[in-house]
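Chemist: Sharing a sequence plus its predicted fold:
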Amino acid sequence: MKRFPREGRVPTTFAPSVLAVDNIHASYGAVEVLHGVSIEVNQGEIVTLLGANGAGKSTLLKTVFGSPAVKKGSVSFNGKPLNGLQSHMVADLGIAHSPEGRRIMPKMTVLENLQIGAFLSDPKHFDEDLQKIYQLFPRLKERAWQRAGTMSGGEQQMLAIGRALMQRPKLLLLDEPSLGLAPIIIRQIFDAIQRVNREEGITILLVEQNAAMALSIADRGYVLQTGRVVHSGDAEVLISEPEIRNAYLEGMATA
């Protein structure tokens, strides 16, 4: 499998923890979805969550923002407990979420969507941040005055990520950014994820069904199965595990 270069990185063994999820349980109604999940994301890392549909990956991201609420266990960000905080309070701390399905504002223009993303950040940074997004995704600059709902799926995904980045997050949660996209667009999306991690120093927690692509850019990974962590380790180690390869990598594109 092709691995992208990770030169210039601080060894994550010595990096401080940004997100700590400790033995959390979470439910939708009476149905418990997460059963004692623990993960850690360190400063400057890209960490990926792998697993089949229904494994609890998206639910884990949502619990960071308190919906569903953590029933047992704890979630902390830079040492600050998140349990019980409302979603906007979590966002205020410097966490942004690009959700599965994009959830852009389809009747608003691209620029208006990006303005919404910048709501929590200092207005004096808006022009600078907007230009960074346009450099990251030039197509968004071309479509600035176009209604977001009329764009292609790939362009909408770029917008969803761009909107989250306009928040100036310290931690970016990405949920299935490659879902339903053509291979050439997937490569552009993953190149952009690497750029913001490397150039802006944004820590990233990535949920992705394309395990081959996710592990090719990640530092570490966790595998969830029916709401439990069943494997974890450095990305290169996970790639070499026969069980991981058989379950998640066979037949997937690696370029």
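Modeler: Right, received. Where do you want to start?

Chemist: Just the helices from the chain, written as ranges.
Modeler: Using DSSP state H, the helices found in the chain span residues 57-64, 87-92, 110-117, 126-136, 138-142, 153-165, 183-200, 211-217, 235-240, 242-244.

Chemist: could these go into TSV alongside mean pLDDT?
Modeler: What follows is the helices of the chain, written out as TSV (pLDDT from 0 to 100):
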stretch	mean pLDDT
helix 57-64	95
helix 87-92	93
helix 110-117	94
helix 126-136	95
helix 138-142	96
helix 153-165	95
helix 183-200	94
helix 211-217	91
helix 235-240	89
helix 242-244	82
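
Chemist: okay, now the domains of this protein?
Modeler: Domain ranges of the chain: 1-7+37-94+169-255, 98-168, per automatic domain parsing.

Chemist: And residue 157, how close does it get to residue 245?
Modeler: 27 Å (CB to CB, to the nearest Å). Where C-beta positions appear, they are placed from N, C-alpha and C, glycine not excepted.

Chemist: between those two, who's got more neighbours?
Modeler: The neighbour count for residue 157 versus residue 245, taken as other CB atoms under 10 Å, is higher for residue 157 (28 against 16).

Chemist: Do I have it right that the more buried one meets residue 174?
Modeler: No. The criterion here is CB atoms under 8 Å, and residue 157 misses it with residue 174 at 9.9 Å.

Chemist: and for the two, which residues touch both?
Modeler: Counting by CB atoms under 8 Å, 6 or more residues apart in numbering, residue 157 and residue 174 have no common neighbour.

Chemist: Quick one: residues contacting residue 185.
Modeler: Per CB under 8 Å, 6+ apart, neighbours of residue 185: 153-154, 157.

Chemist: all strands of the stretch 1-150 of the chain, in order?
Modeler: With DSSP state E, counting those that start in this stretch as the criterion, the stretch 1-150 of the chain has strands at 17-28, 31-42, 46-50, 70-77, 80-81, 95-98.

Chemist: give the contact list for the closest residue in space to residue 23 that isn't next to it in sequence.
Modeler: Of all residues not flanking residue 23 in the chain, residue 73 sits nearest, at 4.1 Å (CB to CB, 6 or more residues apart in numbering). By CB under 8 Å, 6+ apart, residue 73 lies in contact with 21-25, 36-38.
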